[in-house]
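Chemist: structure for this input, please:
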Amino acid sequence: MYKTPPRKGPEGGPAQFSPVIVSDSPVKKIAQQGNLTGNPRVVRDLAADTYNSIQKWNEQQIIGAHIVKNIVTLKTNALVEGEAEKDRMYPEGLQQQCDLLEETYNMMCEAEATLRIITQQLEAVVKLEKLQNICSPAAPMFITWPTQKFGEVLARISEAYRQELEVKRCVKENIAHCTSKESAVLHASAWVHQPYITTDVDLAVESLIVETGHR
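Modeler: Alright, predicted model coming up:
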């Protein structure tokens, strides 16, 4: 259990307020000892799998950002210096970078597919708990979230990465065919900034990890 330290009042004395008390997860110690079983164990493992899949995605996202930057550089230089139409559109070295981007995209597909499978597995746990009537809908499994909340959060995270994968696919298929520097830069920016993976999605992932006692 953690208590916030007392703040000082305006004159240096103690401020008049009640301290915030945050309780540890009731299953955290059990989980650390490796004794967690049943649906809580399944949910906790799925949360860990979610985090690991997103880390794999992030690794490939960074690799892809370097690749699209290289593609933009190749295209920009060729558009300025190329004499033949083919040289301007498809300079030497472009195919190699596109092949690398394809490999990166495929790795991200695997991470996104894993998130969808995890979501389906968690939805099955939610249905199982309802059938077994293990707890009331509002009863928390770990700290504050009922089982249904885990399913809702995972579904939201999974959908965000599904939409982002569509952006990645669009960039992967079109960036090599851009006819201007501006168009190539726009595609590269779409890869880098990940418009569908918002701060709300990042917060949902972090909350999931904290709620299940991983952090």
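Chemist: mind listing the helices for this protein?
Modeler: Using DSSP state H, the helices of the chain run over 28-32, 38-81, 85-89, 94-132, 147-174, 181-193, 199-211.
Chemist: what helices or strands is the longest one leaning on?
Modeler: So the one you mean is helix 38-81. When contacts are defined as 3 or more CB pairs under 8 Å, 6 or more residues apart in numbering; DSSP states H and E, helix 38-81 packs onto helix 28-32, helix 85-89, helix 94-132, helix 147-174, helix 181-193, helix 199-211. From N, CA and C alone the C-beta is placed, and that goes for glycine too.
Chemist: circling back to that earlier point, which stretch among the helices of the chain comes nearest Ala139?
Modeler: Across those, Ala139 has its closest neighbour in helix 147-174 (8.5 Å, CB to CB).
Chemist: show me the contacts for Lys172.
Modeler: Listed by CB atoms under 8 Å, 6 or more residues apart in numbering, the contact partners of Lys172 are Cys98, Leu101, Glu102, Tyr105.
Chemist: right, I mislabeled it, should have said Lys168
Modeler: Going by CB under 8 Å, 6+ apart, Lys168 touches Gly64, Tyr105, Met108, Trp191.
Chemist: output the residues you listed in a markdown table, with pLDDT appended to each entry.
Modeler: As requested, the contacts of Lys168 are arranged in a markdown table below (pLDDT from 0 to 100):
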| residue | pLDDT |
| --- | --- |
| Gly64 | 98 |
| Tyr105 | 98 |
| Met108 | 98 |
| Trp191 | 97 |
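Chemist: low-confidence ranges, the chain, go.
Modeler: The model of the chain has pLDDT under 70 over residues 1-37, 81-87, 133-138.
Chemist: centre-most residue in it?
Modeler: Centroid-nearest residue in the chain: Ile54, 4.4 Å away (criterion: CA atoms, centre = their mean).
Chemist: which ones are touching that one?
Modeler: By CB under 8 Å, 6+ apart, the contact set of Ile54 is Ala111, Leu115, Ile157, Tyr161, Val205.
Chemist: check Gln96 too.
Modeler: Contact analysis of Gln96 by CB under 8 Å, 6+ apart lists nothing.
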